[in-house]
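**Student:** no FASTA, just this:
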Ligand code: FES
């Protein structure tokens, strides 16, 4: 069952920026790119770096700790096809951004094993 949580305001997330939010017991990285708002599991699968504090360029976020890069639209690691960071559905209603944290779309740990 979906578990939509209001995590941020659109007016506080200008285009081309990222932020880190807490939703339930999860840390979620939010990104606003040209075609919308996307959410990834905010904990980098490498060593736990904060993806929501990473540098966003286009649709690619660079982890601030060691530079792993992910496509924020689908969580795909840019250089290793086996690694995909879990994503969460996002809904925008007016100025409110909601994230459904019930089921991430993939499990990167499973992909790595
Ligand atoms: S923790 Fe993200 S690249 Fe190392």
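**Tutor:** Noted; the coordinates are in hand. All values derive from a computational prediction rather than experimental measurement.
**Student:** so what pLDDT did the residue lying closest to residue 32 once chain neighbours are set aside get?
**Tutor:** Leaving aside its sequence neighbours, residue 32 sits nearest to residue 13 (Cβ to Cβ, 6 or more residues apart in numbering; 4.7 Å). From N, CA and C alone the C-beta is placed, and that goes for glycine too. What the model reports as pLDDT for residue 13 is 97.
**Student:** Can you tell me how far residue 13 is from residue 102?
**Tutor:** Distance check for residue 13 against residue 102: by Cβ to Cβ, to the nearest Å, it reads 22 Å.
**Student:** can you check residue 16 too?
**Tutor:** For residue 16, the distance to residue 102 - Cβ to Cβ - is 29 Å.
**Student:** circling back to that earlier point, doesn't residue 97 make contact with the residue nearest to residue 32?
**Tutor:** Yes - counting by Cβ atoms under 8 Å, residue 13 touches residue 97, with 7.0 Å between them.
**Student:** Common neighbours of the two, please.
**Tutor:** Residues touching both residue 13 and residue 97 (Cβ atoms under 8 Å, 6 or more residues apart in numbering): 30, 37.
**Student:** Compare the two and say which one has the larger neighbour count.
**Tutor:** In terms of neighbours (other Cβ atoms under 10 Å), residue 97 is the more surrounded of residue 13 and residue 97; the figures are 24 against 19.
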